[in-house]
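Student: Need the 3D shape of this:
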Amino acid sequence: MATTTINLNKEIVDKAQIYAASKGKSLSSIIEDYLNLLTFKDKKQSTELEGVPDIVLSLLGAGSPVKEDDLNGRKAYYNHLEKKHK
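Tutor: Below you'll find the model as predicted:
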């Protein structure tokens with residue numbers, strides 16, 4: 001395991017330590033998990049999204065997730081209309 005020194009704001013570190021303790025983890029493990037998540041997303045996106053136009057990539061994440069059983073949005077739209085006309 002490698003050791004690295006990172007300079008951070010003391011208030012942020014204190015809050016992060018409280019958060020880590022509330023989750024039953026160490027601050028180091030939370031930071032490691034987060035960095036792992038970031039690098040995994042970058043690696044996954046770079047392999048999956050090769051050849052996709054930049055304009056399409058700019059739209060990724062620009063909406064709310066759609067449920068698997070409602071891919072065309074009909075159920076969501078119906079629920080919207082029900083709430084609107086109550």
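
Student: shaky segments in this structure?
Tutor: 41-50, 57, 60-66, 71 (pLDDT under 70).

Student: Let's see that with 90 instead.
Tutor: 1-6, 23, 25, 28-80, 86 (pLDDT under 90).

Student: ranges for the helices of it?
Tutor: Ranges of helices in the chain, per DSSP state H, are 10-22, 27-48, 54-59, 74-84.

Student: would you turn those into CSV with mean neighbour count and distance to residue 1?
Tutor: To be clear about C-beta, it is placed using only N, CA and C from the backbone, and glycine gets the same treatment. Putting the helices of the chain into CSV (neighbours: other Cβ atoms under 10 Å; distance: least, Cβ to Cβ, whole Å) gives the following:
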stretch, mean neighbour count, distance to residue 1
helix 10-22, 11, 18
helix 27-48, 11, 9
helix 54-59, 8, 35
helix 74-84, 10, 46
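
Student: Contact partners for residue 13?
Tutor: Shown in contact with residue 13 (Cβ atoms under 8 Å, 6 or more residues apart in numbering): residue 27.

Student: Report the separation between it and residue 19.
Tutor: According to Cβ to Cβ, to the nearest Å, residue 13 and residue 19 sit 11 Å apart.

Student: Could you do residue 83 as well?
Tutor: Residue 83 is 35 Å from residue 19, by Cβ to Cβ.

Student: Then residue 86?
Tutor: 40 Å.

Student: can you check residue 51 too?
Tutor: In terms of Cβ to Cβ, residue 51 sits 39 Å off from residue 19.

Student: repeat for residue 81
Tutor: Taken as Cβ to Cβ, the span from residue 81 to residue 19 is 41 Å.

Student: Over to residue 80?
Tutor: Residue 80 is 36 Å from residue 19, by Cβ to Cβ.

Student: Check residue 84 too.
Tutor: In terms of Cβ to Cβ, residue 84 sits 39 Å off from residue 19.

Student: and if you look at residue 10?
Tutor: In terms of Cβ to Cβ, residue 10 sits 15 Å off from residue 19.

Student: give the contact list for residue 16.
Tutor: Residue 16 touches 27, 30, counting by Cβ under 8 Å, 6+ apart.
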